[in-house]
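Undergrad: only geometry, no sequence info:
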């Protein structure tokens, strides 16, 4: 009887540990996805800054720079 009770407790503890590990992995993946999204936004912003500096930005910024050169 005691053996069965101990095995039951061990089984429940193992399930809880597994559930906690799966939760932590899920949270970690979510944080990584958010980091990737932030990285993509930063890359997009840096590309836009480089285009502005090079004067190749499509739209009014490049037009105004061209007007100043004339």
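TA: Arrived safely, thanks for sending. Here the structure is a predicted model, which is why all the values come from computation and not from measurement.

Undergrad: what does the average pLDDT come to for stretch 17-27?
TA: Per-residue pLDDT over stretch 17-27 has a mean of 94.

Undergrad: okay, buried residues for that stretch please.
TA: Neighbour-count burial for stretch 17-27, counted by 16 or more other Cβ atoms under 10 Å, picks out no residue. Quick note: C-beta positions are derived from backbone N, CA and C, even for glycine.

Undergrad: residues making contact with it?
TA: If you take Cβ atoms under 8 Å, 6 or more residues apart in numbering as the criterion, stretch 17-27 is touched by no other residue.

Undergrad: for the protein, which helix is longest?
TA: The helix that spans the most residues within the chain, counting by DSSP state H, is helix 2-54.

Undergrad: hmm, which helix or strand of this structure has the shakiest average pLDDT?
TA: In the chain, no helix or strand scores lower on mean pLDDT, DSSP states H and E than helix 60-69, which sits at a mean of 55.
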